[in-house]
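A.B. asks: predicted model and sequence below, questions to follow.
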Amino acid sequence: MKGLGAIFRRELAGLFLAPLAWILLFLVLLYQAYFFLLVLGAKGGEVNGSLVFVLGGGLPFWLLLLVLPALLTMRMISEESRSGMLEFLLTSPVSDAAVVLGKALAVTTFFALAWASGFLFALLVQLLGARPDWGLVACAWLGATLASAFFCSLGLVSSAFFSTPLLAAFMTILANIALYALPSLARAWRGRVGELLGAALERVDVLAHFQGSFVSGALDSAHVLFFLAWIAAALFLAVRAVESRRWLG
Amino acid sequence: MISVQHLTRRFGPHVAVDDVSFQLERGEVVGFLGPNGAGKTTTMRVLTGFLPPSSGTVTVDGFDVLRDSMEVRQRIGYLPESVPLYREHRVQEMLWFQGRLRGLSREEARRRAGVVLERVGMAERARSLIGRLSKGQRQRVGLAVALLPEPDVLVLDEPTSGLDPLQRLEVRRLIQELSRERTVLLSSHILPEIEAVCPRVIILHRGRVAADGTQAKLVEERGETFVRLELLSGTNADVSAQLGALPGVREVAALGRAGEFEAFEIRGEGEPCESIGRLCHVNGWVVRELSLQRPTLERIFARIAFELEPAGRSEGAA
């Protein structure tokens, strides 16, 4: 796709030229290290379980995913629309899809980097004499990155729809909470809501798909596809939202 | 090069551009003139492919802005009024990014970045952070960004707004230079700007084309010459009547008092300055000003703006 590479690199540079990304990266590292050590202690030194815990196995990871993608994507479209940068990009000979995709890839790369802290921990424990399961860590890392990409895509949709970054972030976080909560609600209400609706809600159960696959170390193409499909759907919506900004002016 | 036919653009119930048609030949330099909200920016945004038209057709070099948007965008260098630049980047990085967006190779992008920076006189600031530049410098970098793809058409939206007079002069000189080799469409609400740079002017008013032609043609067709006379007031009661009685005088408008003086505008055949002067001399009127007012673009613009305005507002503004 023409211009995709240029936009991806610009967005990545834009992320890391602002102090926010570095601060978040540092905080994520501390946060992950804290929970890694905590769980490592609680599990009596079980290395693999602890590594997976910080890469999607435990609630702390999902708490991060609730907030961080929203923070990093909130400005990407709404702010650029205000500053006129979007006008520059949308009058360049690149498609709207390339603009959105470039941004999504850039912010996903940030998370791929952030979750690479898992490899760092694995390396450290290996140097200390333990034997981490590298395949398991890699699988969990891939899953964590895919899940992040999904939440970032949602953030981009929100950023494209709403006019201020703050509102965009707020709406993303709300949507994320709903996404976490709905499937469990559906399970609890199984008898009361229709069977079809219940089944539909389980289809969007991110956590279940995640824990059913990546955390156990089994790279299941069905689950990878699940995330890719939802990412594609969200990005499609974001592209449409950007397009609608043209019509609204 | 650019053909706009019956372009209309609505924002909800508001009609921003209303059945606008004009043509630009290759190499022409045209000034878009109009008060704020006349539809200049909207027309430019349609031309550059940012906004789709509500109706009508717009083509650039034969390519339709809706159907062949990419071809059109490839041919246009656009500097929006907001001068979009990534403030956290360095000047040269912004230019390289523009080059990469246009599909240039890394080497070509770097070469052209050097050329255009030289062109706008910002070569020594290539490594400066854009956020640290002054408004005038940012404007010039914006121009460099628009120039980098070496476009056939330059669309510049208010390229001198917010600049101090010296910077404005610089940017104006730059545009004059550029206009020698390109088709340029330039908007402004500052008249001397357009007068200095653009041989042809399109005046937009309330979304419509109010006038279109070379400056000379507009002045000739729409302009009028009149005599302005200022007298010490109280000198004579029937000045208007006496002036009106002069041969060749068609109309005398008393503009009322300004301080101690009273002003008149006298329209008629030929140039009645001399006979008016003689009349003043004979009557012993104390003259402060007696001058022939030649038509200027500014007067024509003001007249178009006020004539087309509803009566209430034109009185208030006058």
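C.D. replies: Cool, got the structure.
A.B. asks: ok, residue B:193 touching residue B:173?
C.D. replies: No: the pair residue B:193 / residue B:173 is not scored as a contact, 11.8 Å apart, by C-beta atoms under 8 Å. In this view, the C-beta of every residue, glycine as well, is placed from N, C-alpha and C.
A.B. asks: more neighbours: these two, which one.
C.D. replies: For residue B:193 versus residue B:173, neighbours defined as other C-beta atoms under 10 Å in any protein chain shown are more numerous around residue B:193 (22 against 13).
A.B. asks: which stretch of helix or strand covers that one?
C.D. replies: Applying DSSP states H and E as the criterion places residue B:193 in helix B:191-197.
A.B. asks: identify the residues contacting that helix?
C.D. replies: When contacts are defined by C-beta atoms under 8 Å, 6 or more residues apart in numbering or on different chains, helix B:191-197 is touched by residues B:29, B:31, B:33, B:160, B:168, B:172, B:175-176, B:179, B:186, B:188, B:201, B:215, B:296-298, B:301.
A.B. asks: do the same with stretch B:137-147
C.D. replies: Contacts of stretch B:137-147 (C-beta under 8 Å, 6+ apart): A:88, B:77-79, B:83-85, B:91, B:94-95, B:98, B:113, B:116-117, B:119-122, B:125, B:130, B:133, B:154, B:156, B:159-160, B:162-163, B:167, B:170-171, B:174, B:178.
A.B. asks: per-residue confidence at the residue of the stretch 101-250 of chain B found nearest chain A?
C.D. replies: Closest approach of the stretch 101-250 of chain B to chain A (C-beta to the nearest C-beta) occurs at residue B:101, with a separation of 4.7 Å. Listed pLDDT for residue B:101 reads 93.
A.B. asks: ok, now residue B:316?
C.D. replies: Residue B:316 is given a pLDDT of 36.
A.B. asks: again, but for residue B:104
C.D. replies: Reported pLDDT for residue B:104: 92.
A.B. asks: how much space separates the residue nearest to it when sequence neighbours are not counted from residue B:172?
C.D. replies: Using C-beta to C-beta, 6 or more residues apart in numbering or on different chains and skipping residues adjacent in sequence, the residue nearest residue B:104 is residue B:112, 7.0 Å away. Plainly put, residue B:112 is 24 Å away from residue B:172 if you go by C-beta to C-beta, to the nearest Å.
A.B. asks: what sits closest to residue B:97 if chain neighbours are left out?
C.D. replies: residue A:10 (5.1 Å).
A.B. asks: which residues touch that neighbour?
C.D. replies: Counting by C-beta under 8 Å, 6+ apart, residue A:10 has contacts A:102, B:86, B:97.
A.B. asks: residues making contact with the helix or strand containing the last one?
C.D. replies: Remark: residue B:97 resides in helix B:91-101, with elements defined by DSSP H and E. Judged by C-beta under 8 Å, 6+ apart, the contacts made with helix B:91-101 from elsewhere in the structure are A:3, A:5-7, A:9-10, A:13, A:89, A:92-94, B:85-86, B:89, B:106, B:108-110, B:112-113, B:116-117, B:122, B:125-128, B:130, B:133, B:141, B:144-145, B:148-149.
A.B. asks: over to stretch B:245-255?
C.D. replies: B:239-240, B:243-244, B:262-270, B:272, B:275-276, B:279.
A.B. asks: list only buried entries from those.
C.D. replies: Buried subset of the contacts of stretch B:245-255 (neighbour count, 16 or more other C-beta atoms under 10 Å in any protein chain shown): B:239, B:243, B:262-264, B:266, B:268, B:272, B:275-276, B:279.
A.B. asks: relative to chain A, which of these is nearest.
C.D. replies: Nearest to chain A among these, with distances taken as C-beta to the nearest C-beta, is residue B:263, at 44.6 Å.
A.B. asks: where does the prediction get shaky in chain B?
C.D. replies: Filtered on pLDDT under 70, chain B yields the residue ranges B:234-237, B:271, B:307-318.
A.B. asks: now residue B:67, what's its secondary structure?
C.D. replies: Put simply, residue B:67 is coil when judged by DSSP: H, G, I helix; E, B strand; the rest coil.
A.B. asks: burial count for it?
C.D. replies: Residues lying near residue B:67 (other C-beta under 10 Å) number 10.
A.B. asks: swap in residue A:209?
C.D. replies: 24.
A.B. asks: could you do the one 10 residues further on as well?
C.D. replies: Neighbouring residues of residue A:219 were enumerated by other C-beta under 10 Å; the total is 14.
A.B. asks: is it true that residue B:123 touches residue B:117?
C.D. replies: Yes: in this structure, residue B:123 is within contact of residue B:117 by C-beta under 8 Å, at 4.6 Å.
A.B. asks: if we can go back for a sec, so which of the contacts of stretch B:245-255 sit within strands?
C.D. replies: Per DSSP state E, strands hold the following members of the contacts of stretch B:245-255: B:262-268.
A.B. asks: for chain A, what are the nearby residues on chain B?
C.D. replies: Residues of chain B lying close to chain A by C-beta under 8 Å from any C-beta of the partner chain are B:11, B:16, B:42, B:45, B:48-52, B:70, B:73-74, B:76, B:78, B:80-84, B:86, B:88-89, B:93, B:97-98, B:100-103, B:145.
A.B. asks: at 7 Å what do you get?
C.D. replies: Where chain B comes near chain A, counting by C-beta under 7 Å from any C-beta of the partner chain, the residues are B:11, B:48-52, B:70, B:73-74, B:78, B:80, B:82, B:84, B:86, B:88, B:97, B:100-103.
A.B. asks: ok so, going back, PyMOL command for the buried members of the contacts of helix B:191-197?
C.D. replies: Here is the PyMOL selection string for the buried members of the contacts of helix B:191-197, based on 16+ other C-beta under 10 Å:
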select buried, chain B and resi 29+31+33+160+168+172+175+179+186+188+201+215+297+301
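A.B. asks: the contacts of helix B:191-197 in strands, which ones?
C.D. replies: B:29, B:31, B:33, B:186, B:188, B:201.
A.B. asks: is the third one in a bridge, and if so with what?
C.D. replies: What it means is residue B:33. Beta-bridge pairing of residue B:33 under DSSP bridges involves residue B:188, residue B:203.
A.B. asks: report the separation between it and residue A:161.
C.D. replies: 37 Å.
A.B. asks: could you list the single helix or strand in chain A with the lowest mean pLDDT?
C.D. replies: helix A:195-203 (a mean of 71; mean pLDDT, DSSP states H and E).
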